[in-house]
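Engineer: Got a predicted structure plus its sequence, pasted below:
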Amino acid sequence: MDPALAAQMSEAVAEKMLQYRRDAAGWKICREGNGVSVSWRPSMEFPGNLYRGEGIVYGTLEEVWDCVKPAVGGLRVKWDENVTGFEIIQSITDTLCVSRTSTPSAAMKLISPRDFVDLVLVKRYEDGTISSNATHVEHPLCPPKPGFVRGFNHPCGCFCEPLPGSLDRDDTKYFHTHLRKQNLLRVSGTWERIEGRRYSYF
């Protein structure tokens, strides 16, 4: 992928994630429990909804980030039952890459395993917040693979931000698009096993 185009696209996604993070209007809570809330609102850009999951994690910013950061051999593959693999297709800079994420089959294998090819940008902000920002791309080095249905991600992301006045708690937000109900329930179950972490999806 052309580095200049990748940089332009990824910065646009990061800006969109910041807009989602700052705009509190219109979100409706659809599930709460164990310190985690999931809310949604209609998208203004595509037919479907945006979803936000949020919770508080007890740990340093780096400890929390290590659990969710997009990295080969990272911790997310170990704790997130919805992720079976993560690989880098193209490394563009130390904070920008094209990745492939695979997910397992679901609903007694009625839903096939899926994979997602995304442009991913990691950003750090002056207040200490770390974010990952992603969107679907096509890449010649990663054509559709047998046994997987190629998925599509609209712009989505994750924020890990330190809570004011706390050295060992972080507010973590995930932003994702058009998750199905069973996915929300499964993600919520995963969050229950990581006590104290706060996540939001858009």
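Structural biologist: That came through, no problem.
Engineer: which stretches of the protein have low pLDDT?
Structural biologist: 165-202 (pLDDT under 70).
Engineer: and with 80 instead?
Structural biologist: Applying pLDDT under 80 to the chain flags residues 107-109, 164-202.
Engineer: which residues touch the lengthiest helix in it?
Structural biologist: Taking DSSP state H as the criterion, the chain has its longest helix at helix 3-22. Here helix 3-22 makes contact (C-beta atoms under 8 Å, 6 or more residues apart in numbering) with 50, 52, 92-93, 96, 98, 119-121, 123, 131, 133-135, 137, 155-157, 159, 173, 175, 202. From N, CA and C alone the C-beta is placed, and that goes for glycine too.
Engineer: Would you mind checking the residues you listed for buried ones?
Structural biologist: 50, 52, 92, 96, 98, 119-121, 123, 131, 133-135, 137, 155-157, 159, 173, 175, 202 (16 or more other C-beta atoms under 10 Å).
Engineer: Sort out for me which of those are in helices.
Structural biologist: Per DSSP H, the buried ones among the contacts of helix 3-22 never map to helices.
Engineer: which residues of the chain fall in strands?
Structural biologist: For the chain, strands defined by DSSP state E occupy the ranges 28-33, 36-42, 49-58, 85-91, 96-103, 114-124, 130-136, 149-150, 156-162, 169-177.
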